[in-house]
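Chemist: Give me a model of this one.
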Amino acid sequence: MNRKDFLKNCVCGVCTCAIASAFTPAVHATAEAKPTEDWRPQFIKQRYAKLLEILSRKMDEKTLDDALRQLGAYCASTLPLIDRHKGDVDGYIREFKKLANEDITYDREKGVITITGPERGDCYCPLVDRRSTPKVVCNCSLGWQEYTYETLLGRNVRVELTESVVRGGKRCTFVVHIGDAA
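Modeler: Model (predicted):
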């Protein structure tokens, strides 16, 4: 290597080191400012919101609705409380009210169960960020409620969402119409 090439390589090396060191303090400062903060939950929320946005563009409304309801049903099916109270909707309501801090009323005469969640700043689902997730995500919750009450009652139900945090409400409220009322 001649002297000219050597100097060129040194200059390139110095410039590269200078540029890298200019950015390094910012990276380290950010990492040091929040050493225990886990970036993954926000990453997951962003990716889930993007996935739903993409699916909303590529799928017809009915197909997407069905897929999200199936996802909600799957989620509900993993809750042992539902199996434990199959056929005992009153026992489920008593226990779930305590666990989830929800107000649940059952009007047997009308065949209607109303579930009113507490006021909250974001969706109960840890995958959802109310500011960025498409509103269609609430269809997942409809599937959750349908599965839950059809399993508990052994009857068909129709679930209506009357208020949702993701859709601008202060809480989530569902009305479950049972059997003939469905």
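
Chemist: Who are the contact partners of Ile93?
Modeler: Ile104, Tyr106, Ile113 (Cβ atoms under 8 Å, 6 or more residues apart in numbering). In this view, the C-beta of every residue, glycine as well, is placed from N, C-alpha and C.

Chemist: so where's the chain shaky on pLDDT?
Modeler: Within the chain, the stretches with pLDDT under 70 are 1-35, 181-182.

Chemist: what do you get if the cut-off is 80, keeping everything else the same?
Modeler: The chain contains residues with pLDDT under 80 at 1-36, 180-182.

Chemist: Sitting in strands, which of the contacts of Ile93 do you find?
Modeler: Using DSSP state E, the members of the contacts of Ile93 that fall within strands are Ile104, Tyr106, Ile113.

Chemist: roughly how far out does whichever strand or helix holds Lys98 sit from the chain middle?
Modeler: Secondary structure from DSSP states H and E places Lys98 in helix 89-100. The chain centroid and the centroid of helix 89-100 are separated by 22 Å, computed with Cα atoms, centre = their mean, to the nearest Å.

Chemist: now the contacts of Ile93 as CSV including neighbour count and distance to Val128?
Modeler: Shown next, in CSV, are the contacts of Ile93 (neighbours: other Cβ atoms under 10 Å; distance: Cβ to Cβ, whole Å):
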residue, neighbour count, distance to Val128
Ile104, 18, 22
Tyr106, 16, 27
Ile113, 24, 23
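
Chemist: Can you lay out the residues you listed as CSV showing distance to Asp60?
Modeler: Output for the contacts of Ile93, formatted as CSV (distance: Cβ to Cβ, whole Å):
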residue, distance to Asp60
Ile104, 34
Tyr106, 35
Ile113, 30
